[in-house]
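S.K.: below is the sequence, then the predicted model.
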Amino acid sequence: MNSSNSLSTDAPYLQPPPGRRYVRSFLFSRRISAPFAKVHLIPRTLLVLCMSGVQLRAINATPPDIISASILWIVSLALFYCSGMQAKTARIYLLLTFPALFSLFTTWIFFNPVPGRAILWRYPLYSGTLVLGLAVWQLLWLAIVVGYFLWTRKLVTGIFIATVVAIAQTLLLPLPAWTFARVAFFHPLTILVSDYGLLVAITKVIGYSGMVFTTIALVVTSRDAELIGTLRQLRAPHVIIFFLSTVFRALNLALTDYETIHQAQIARAINARPRSFIRRLRDLSSIAVPMVAMMIRRSSEIGDALIARGYRLGQASADFYETAPFRLIDWIVLACCLGLLYLAVGPYSNMTVVLHLWQ
């Protein structure tokens with residue numbers, strides 16, 4: 001008997017066990033009552049794709065549509081907040097996102113000079129010639145690196161401190177230098193920051209950060225069982241569904257095994273003393289050996305479980321996955337997707353130009 005037919009029509013879709021506050025998604029854990037997770041997976045995915053398309057069009061318009069990008073950024077941030085991600089995990093991902101966005105901002109504003117109506121800052125970065133010589137700051141830099149390494153046996157921190165000291169020294173108190181030769185190489189480079197270049201850089205950061213927020217929200221709110229149920233609704237081939245379900249199940253087991261091994265390391269006082277970054281990487285790589293052993297054991301257990309249940313790849317199997325029906329909120333989201341798709345591929349109205357913020 002098909003289990004999906006035997007389920008009560010009033011039963012919630014994929015109801016977690018009573019008392020649980022969080023449930024595991026693809027790679028994270030989220031709150032069970034997350035608002036964005038209540039939308040069906042199909043319109044949820046289409047909404048993220050359509051919003052990304054509109055954001056790409058807004059940041060690539062001429063001039064960039066910073067108003068539309070900002071409005072979509074607010075919507076993306078709201079979806080990220082409604083995804084139900086744990087606050088600690090959300091803060092970590094925000095901290096990881098900031099360096100990438102900052103590098104994107106500096107790349108567009110410094111290394112893609114775009115002329116505008118006003119030049120805000122100009123700085124000659126490279127004159128077009130290589131100077132071959134010897135300077136006192138080079139000896140100072142080398143002395144700091146060698147001395148710090150002999151004192152602490154750390155190299156990366158010493159290079160950073162030596163570089164900061166050398167830059168500060170050359171700016172505050174220029175030291176003597178001896179030039180042996182000058183060789184022409186490449187062309188001069190000048191950092192040029194204009195009002196239009198600043199607009200382009202800010203719009204790029206707003207657009208890409210919005211796409212990051214919506215992508216994380218989609219990953220956080222999606223579960224493997226939900227994807228399998230959606231594939232059942234779309235009448236996908238049974239072989240594909242079985243393969244994906246096995247992969248996601250193995251991924252969940254691998255994450256659980258990693259947490260177990262990591263907790264075992266903590267119980268053995270692996271973090272009792274401060275450790276360098278290189279040492280932490282070595283500790284992380286040491287997890288690979290027990291992880292591979294446990295993955296091999298897990299694969300054998302999954303195969304034995306399939307055989308014990310009489311599973312055969314060629315035979316027809318019952319549908320043991322619930323399929324979520326489309327509700328009113330899903331149709332509303334699909335209607336919003338159609339509007340966003342029209343803005344992404346149809347005629348585009350630049351709101352920044354319409355409001356005469358850039359002419």
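M.R.: That came in fine, so what should we check first?
S.K.: any low-confidence regions in this structure?
M.R.: For the chain, residues meeting the criterion pLDDT under 70 lie at 1-20, 27, 271-277, 309, 312-322, 356-359.
S.K.: so which residue is smack in the middle of it?
M.R.: Nearest residue to the geometric centre of the chain (CA atoms, centre = their mean): Val212, 5.8 Å.
S.K.: give me the phi and psi for that residue.
M.R.: As for Val212, its main-chain torsions (degrees, to the nearest 10) stand at phi -60, psi -40.
S.K.: doesn't Phe98 make contact with it?
M.R.: No: the pair Val212 / Phe98 is not scored as a contact, 10.8 Å apart, by CB atoms under 8 Å. Where C-beta positions appear, they are placed from N, C-alpha and C, glycine not excepted.
S.K.: domain-wise, how is this protein divided?
M.R.: 34-120+193-222+325-359, 129-185 (automatic domain parsing).
S.K.: deepest of those, which one?
M.R.: domain 34-120+193-222+325-359 (a mean of 17; mean count of other CB atoms under 10 Å).
S.K.: strands of the protein, start to end?
M.R.: With DSSP state E, the ranges of strands along the chain come out as 22-24, 29-31, 119-126, 129-135, 177-184, 189-194.
S.K.: a markdown table for those strands, including distance to Asn350?
M.R.: Converted to a markdown table, these look like this (distance: least, CB to CB, whole Å):
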| stretch | distance to Asn350 |
| --- | --- |
| strand 22-24 | 42 |
| strand 29-31 | 36 |
| strand 119-126 | 23 |
| strand 129-135 | 43 |
| strand 177-184 | 43 |
| strand 189-194 | 19 |
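S.K.: quick one: closest of the ones you listed to Tyr81.
M.R.: strand 29-31 (11.3 Å; CB to CB).
S.K.: residues making contact with that closest one?
M.R.: Residues outside strand 29-31 that contact it (CB atoms under 8 Å, 6 or more residues apart in numbering): Arg21, Tyr22, Val23, Ala37, Ser83, Gly84, Met85, Gln86, Thr89, Val220, Thr221.
S.K.: wait, which of those is closest to Ser299?
M.R.: The nearest member of the contacts of strand 29-31 to Ser299, counting by CB to CB, is Val23 at 24.8 Å.
S.K.: what bridges to that closest one?
M.R.: With DSSP bridges applied, Val23 shows beta-bridge pairing to Arg30.
S.K.: quick one: the helices in the stretch 151-300 of the chain?
M.R.: Under the criterion DSSP state H, counting those that start in this stretch, the stretch 151-300 of the chain carries helices at the ranges 156-172, 195-221, 224-233, 238-267, 277-285, 288-308.
S.K.: right, I'll leave it there.
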